[in-house]
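Participant: Predicted model follows, preceded by the sequence.
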Amino acid sequence: MKRQLKMSLAVFISFFSTSLAASSSAAISCQFETAQIIQAAASAIQERYVLEEKADTLSAQLNRLAKSKRFNHLCSDYQQFAHTLTEEIRTLSGDKHFYVEHVDTRIEAHNWIEQWQAEAPSNNFGVKKIEILPGNIGYLSLSSFHTFENAQQTLAAAFILLSHSEGFILDLRNNGGGDEETAYAVLQSFIDPQSPFPFFIESRKRREIPKRISPQPWPAYGSDRPLVILIDERSFSASESTAFALQQLGRATVIGAASAGGAHMMESPQSLPNGFEIGIPDKRPVSTIVDSRLNWEGLGVIPDIEAGNREIIQIALKVMAGNRQ
């Protein structure tokens, strides 16, 4: 079911979208009680937020916000209130995965997940560009990790096309994340089939070992040929997960700029009064590699080589050539 999509990371549309309507300042006829929504959000965060030690603090801050009546002037504008509350929670928590939205089922644009899914075919299920670069280097640009069920055939075609290349450049710049299963399938394409993923998934109640996708719907690229991953400050969540894991394994050279820094994950949003919903990060990846960073939350994935967009492909090709000597 669409609303139950596993959206490990997927707040990217909400994260990058800021174009919402402004509220009117004239006499206000309230449509909902802002304090009620904020207090409900505070309770949900206290119960579910993955960082339990921060959940109480954040919940208390939101309860004080509710009492302050600072958002009362937004009581007639559903979308502006949701946007403003989202920004407030992200600022207080430092966690870019949080989001609040008002879902009017009559308006598709109000539900960013369904809108993202509806646009998937016209975006080639995230496959933005495929190319064979000089030296028989395969290049694959992914704009998003769409749901595995829908994206697997298109991704399989891309990987098959590049399967005979002598090196692989995976471009995850401007990739806001998406479905965790699709990210796992891409990740396992580049590592030893007998090796576990270099992380487990932790929530407040349990730890889980992520499972490999089986069967893999395309031939694995393997762990022997050179691999470069390109990232930038708009690489977020699932795309950061892929880059971080392959970098930690020593499998890939990461080139570009530090990514956005969103490691936390979430399942379905939680309902709030008056048709509002809140997405609460309730789990996180934890590295299993000794002496490594826990994950990339807040700091982003730090590239091995910093590079701007203008020269990044040429630098990647030079790195690739060096690795092949």
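Facilitator: Yep, that arrived. Numbering: from 1, shown residues only.
Participant: Would you map the helices across the stretch 151-300 of the chain?
Facilitator: 180-188, 238-248 (DSSP state H, counting those that start in this stretch).
Participant: Could you single out the most deeply buried of those?
Facilitator: For those, the largest average neighbour count (mean count of other C-beta atoms under 10 Å) is found in helix 238-248, namely a mean of 27. For the C-beta atoms, the positions are set from N, CA and C on the backbone; glycine is no exception.
Participant: tilt between that one and helix 180-188?
Facilitator: Using axes from the mean of the first three to the mean of the last three C-alpha atoms, to 10 degrees, the inter-axis angle of helix 238-248 relative to helix 180-188 is 30 degrees.
Participant: Would you confirm that residue 267 contacts residue 280?
Facilitator: No - Residue 267 is beyond contact range of residue 280, at 9.2 Å (criterion: C-beta atoms under 8 Å).
Participant: Between those two, point out the one with more neighbours.
Facilitator: residue 280 (24 against 17; other C-beta atoms under 10 Å).
Participant: got the contact list for residue 226?
Facilitator: 166, 167, 168, 253, 319, 320, 323, 324 (C-beta atoms under 8 Å, 6 or more residues apart in numbering).
Participant: What is the burial count for the first one?
Facilitator: The tally of other residues near residue 166 (other C-beta under 10 Å) stands at 12.
Participant: now it, nearest residue through space, not along the chain?
Facilitator: Counting by C-beta to C-beta, 6 or more residues apart in numbering, residue 166 lies nearest to residue 136, which is 4.6 Å off, once chain neighbours are set aside.
Participant: how many neighbours does that neighbour have?
Facilitator: What residue 136 shows, counting by other C-beta under 10 Å, is a neighbour count of 11.
Participant: so how far is residue 184 from residue 212?
Facilitator: Residue 212 is 7 Å from residue 184, where distance means C-beta to C-beta, to the nearest Å.
Participant: sorry, back to before: for residue 96, find the nearest of the helices of the stretch 151-300 of the chain.
Facilitator: Proximity to residue 96, assessed across these by C-beta to C-beta, is greatest for helix 238-248 (11.0 Å).
Participant: Send me that closest one as CSV with only the CA atoms.
Facilitator: What follows is helix 238-248, C-alpha atoms only, in CSV (Å, rounded to 0.1, in the frame of the first residue of the first chain):
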residue,chain,number,x,y,z
ALA,A,238,19.6,6.5,0.9
SER,A,239,22.1,7.9,-1.5
GLU,A,240,24.3,8.8,1.4
SER,A,241,23.8,5.3,2.8
THR,A,242,25.2,3.8,-0.4
ALA,A,243,28.2,6.1,-0.6
PHE,A,244,29.0,5.8,3.2
ALA,A,245,28.8,2.0,3.2
LEU,A,246,31.0,1.6,0.0
GLN,A,247,33.5,4.2,1.3
GLN,A,248,33.8,2.5,4.7
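Participant: hang on, the earlier thing: report the contact partners of the residue nearest to residue 166.
Facilitator: Going by C-beta under 8 Å, 6+ apart, residue 136 touches 164, 165, 166, 167.
Participant: Among these, which pair sits farthest apart?
Facilitator: For the contacts of residue 136, the farthest-apart pair by C-beta to C-beta is 164 and 167; their separation is 11.3 Å.
Participant: higher neighbour count, the two?
Facilitator: Just comparing residue 164 and residue 167: by other C-beta under 10 Å the higher neighbour count belongs to residue 167, 23 against 10.
Participant: Test for you: state the pLDDT assigned to the more buried one.
Facilitator: pLDDT for residue 167: 97.
Participant: Over to the one 4 residues further on?
Facilitator: The confidence metric pLDDT takes the value 98 at residue 171.
Participant: any idea how far it lies from residue 136?
Facilitator: In terms of C-beta to C-beta, residue 171 sits 17 Å off from residue 136.
Participant: picking up where we left off before, and for residue 212 and residue 184, which residues touch both?
Facilitator: Common neighbours of residue 212 and residue 184 (C-beta under 8 Å, 6+ apart) are residue 197.
Participant: before we move on, back to that, whichever of the contacts of residue 226 end up buried, select them in PyMOL.
Facilitator: The PyMOL selection below is limited to those of the contacts of residue 226 classed as buried (16 or more other C-beta atoms under 10 Å):
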select buried, resi 167+168+253+319+320
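Participant: Which two of the contacts of residue 226 have the greatest separation?
Facilitator: 166 and 253 (15.3 Å).
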